[in-house]
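Q: Pasting a predicted model and its sequence here:
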Amino acid sequence: MQSDPFGEINATFRTLYGENRKEVFASTPLAATTLIGTGEIWRIEHGEVVKSYPPTPWLSRIKSLMHAVIGTQASCARLARRKDIESARLAAHRLKAALEEAVSLLSSELPEELKSPAKIVLSRLLQLSAHWSAGQTATLAEFSEALEQVRGELEKIIAAVGEEVYASIVKGLRALIEETDPGVWETSLFCVCGVAFGRRDNVEIAAAMSVMGEDSVGTRLLYLENAHDLPQAMTCLAAALADRDLGAGVFGDPYRMWRDILGDVAARHVGKGFFPALGRDR
């Protein structure tokens, strides 16, 4: 295979950018981040986590329930698809064991008002997995019908979790601001980090918006994609900070690099900017 001199040159340029990104992060007095669904905020000073503003403890446990729904739907889909039935049957056995453990653990971890709804949902999922692991046929219609029977309980749990995450973000962000010099806070970024396919109507963005104001969205309040843990979140945050400097230095617009570099051409063809719209006119 022939070497690509332009590829090697570009790799050098990207390496130079990466080295600067680390220094930008290390020289930034304050930034903060949260991971979707956790309700926890991390305070970052000069590239290092210095403090956590923790959420209600049971939030980290309740995620198991939604993951149980996701895992059950996925197992049902694989069994119904019958592409690799042997592997799918083994997965059904693993699902059943995990659901049994979740039922026993969550009953003691959740607040009283959520214990019964959680047990009802998990027990219904466990019933499905028991049928599948015993060799019964799985269909997507069966899964949908089973979830419809417990949808009221599931929605009650989701609503309670959403309210608790919202309250935790508001409380943590206000505490962070109270402990910060106003001049430092005015230029700080608060980043919500999560999956690559960004969720609309994100509850963490809404909570932070209630504290920071709607105009902060896209300028100081950002959703950073493809960050599933704190190290990944900090890497994405460092890139956002470095790109802010790059946009200001090259284009005189700190938000320019938060758009596609070819975004002006795209907007011209479409006739306007379009989703996702990041940054605002200064």
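A: Great, that's in hand.
Q: switch to C-alpha atoms for all contacts and neighbour counts from now on
A: Noted.
Q: got the buried residues for stretch 92-111?
A: Neighbour-count burial for stretch 92-111, counted by 16 or more other Cα atoms under 10 Å, picks out Ala92, His93, Leu95, Lys96, Leu99, Glu100, Ala102, Val103, Leu106, Glu109, Leu110.
Q: need the contact list for Gly39.
A: Applying Cα atoms under 8 Å, 6 or more residues apart in numbering to Gly39 gives the contacts Pro54, Pro55, Thr56, Leu59, Glu164, Val165, Tyr166, Ser168, Ile169, Glu204.
Q: And the residue positioned nearest the centre of the chain, its phi and psi?
A: Centroid-nearest residue in the chain: Gly194, 2.1 Å away (criterion: Cα atoms, centre = their mean). With angles defined as degrees, to the nearest 10, Gly194 sits at phi -170, psi -150.
Q: Likewise for Leu224?
A: With angles defined as degrees, to the nearest 10, Leu224 sits at phi -100, psi 120.
Q: Glu45 now?
A: The phi/psi pair for Glu45 (degrees, to the nearest 10) reads phi -120, psi 120.
Q: Distance-wise, check it relative to Glu23.
A: Distance, Glu45 to Glu23, using Cα to Cα, to the nearest Å: 13 Å.
Q: between these two, which one's more packed in?
A: The residue with more neighbours, out of Glu45 and Glu23, is Glu45; 17 against 14, by other Cα atoms under 10 Å.
Q: Let me see the ranges of the strands in the stretch 151-282 of the chain.
A: 189-193, 221-224 (DSSP state E, counting those that start in this stretch).
Q: Let me have these in JSON lines, adding mean neighbour count, mean pLDDT and distance to Gln232 as columns.
A: Shown next, in JSON lines, are the strands of the stretch 151-282 of the chain (neighbours: other Cα atoms under 10 Å; pLDDT from 0 to 100; distance: least, Cα to Cα, whole Å):
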{"stretch": "strand 189-193", "mean neighbour count": "25", "mean pLDDT": "96", "distance to Gln232": "9"}
{"stretch": "strand 221-224", "mean neighbour count": "23", "mean pLDDT": "92", "distance to Gln232": "10"}
